[in-house]
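Novice: Here is my input; please provide its structure:
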Amino acid sequence: MPSALINVPAKAKRGSVIEIKTLMSHIMETGYRHTASGSVVPRDIITSFTCRFNGKEVFRADLYPAIAANPFITFFTTVTESGKFEFEWIGDKGFSETAQASITVE
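Specialist: Numbering: from 1, shown residues only. Purely as a prediction, here's the structure:
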């Protein structure tokens, strides 16, 4: 079962730049490997990651087979109000995971 680790500061000052870190547990099978019998191991990767703050997109990344297993994504954003971050990972074979984190702006 996939699981996400999210690191978002609980509090920040208005207008400050914060760092957000995410890690999704996923095998990220490239589709280029073969089994001992020679058959191709099917591709199974996360293809996109999106972060929204209070419903507005603040970060997006498209992922490709060269990304390692358990992709770690870190980025910076500015906060001007308290609210909720929503994280979404979409991938092959119907993979879809979401997570949320809140921040209080003082």
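Novice: any weak-confidence spans in the protein?
Specialist: Along the chain, the parts satisfying pLDDT under 70 run over 1-2.
Novice: run the last query once more with 90
Specialist: 1-3 (pLDDT under 90).
Novice: Ile46 versus the residue of it most remote from its centre, what's the distance?
Specialist: What lies farthest from the middle of the chain is Ser37; by C-alpha atoms, centre = their mean that is 34.1 Å. To Ile46, Ser37 is 27 Å away according to C-beta to C-beta, to the nearest Å. In short, each C-beta sits where N, CA and C put it, glycine included.
Novice: do Lys84 as well
Specialist: In terms of C-beta to C-beta, Lys84 sits 22 Å off from Ile46.
Novice: Who has more neighbours out of those two?
Specialist: Taking other C-beta atoms under 10 Å, Lys84 and Ile46 do not tie; Ile46 has more neighbours (25 against 13).
Novice: For the residue nearest to that one when sequence neighbours are not counted, list the residues it contacts.
Specialist: Counting by C-beta to C-beta, 6 or more residues apart in numbering, Gly91 is the residue found nearest to Ile46 once chain neighbours are left out, at 4.0 Å. Contacts for Gly91 (C-beta atoms under 8 Å, 6 or more residues apart in numbering) come out as 26, 44-48.
Novice: which of these count as buried?
Specialist: Buried members of these, scored by 16 or more other C-beta atoms under 10 Å, are 26, 44-47.
Novice: Turn those into a markdown table, columns for secondary structure and distance to Phe75.
Specialist: Below are these laid out as a markdown table (DSSP: H, G, I helix; E, B strand; the rest coil; distance: C-beta to C-beta, whole Å):
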| residue | secondary structure | distance to Phe75 |
| --- | --- | --- |
| His26 | coil | 18 |
| Asp44 | strand | 25 |
| Ile45 | coil | 20 |
| Ile46 | strand | 16 |
| Thr47 | strand | 18 |
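Novice: re the thing from before, what backbone torsions are found at the residue nearest to Ile46?
Specialist: Main-chain torsions, Gly91, degrees, to the nearest 10: phi -150, psi -170.
Novice: For Phe85, see how far away it is.
Specialist: Going from Gly91 to Phe85 by C-beta to C-beta gives 20 Å.
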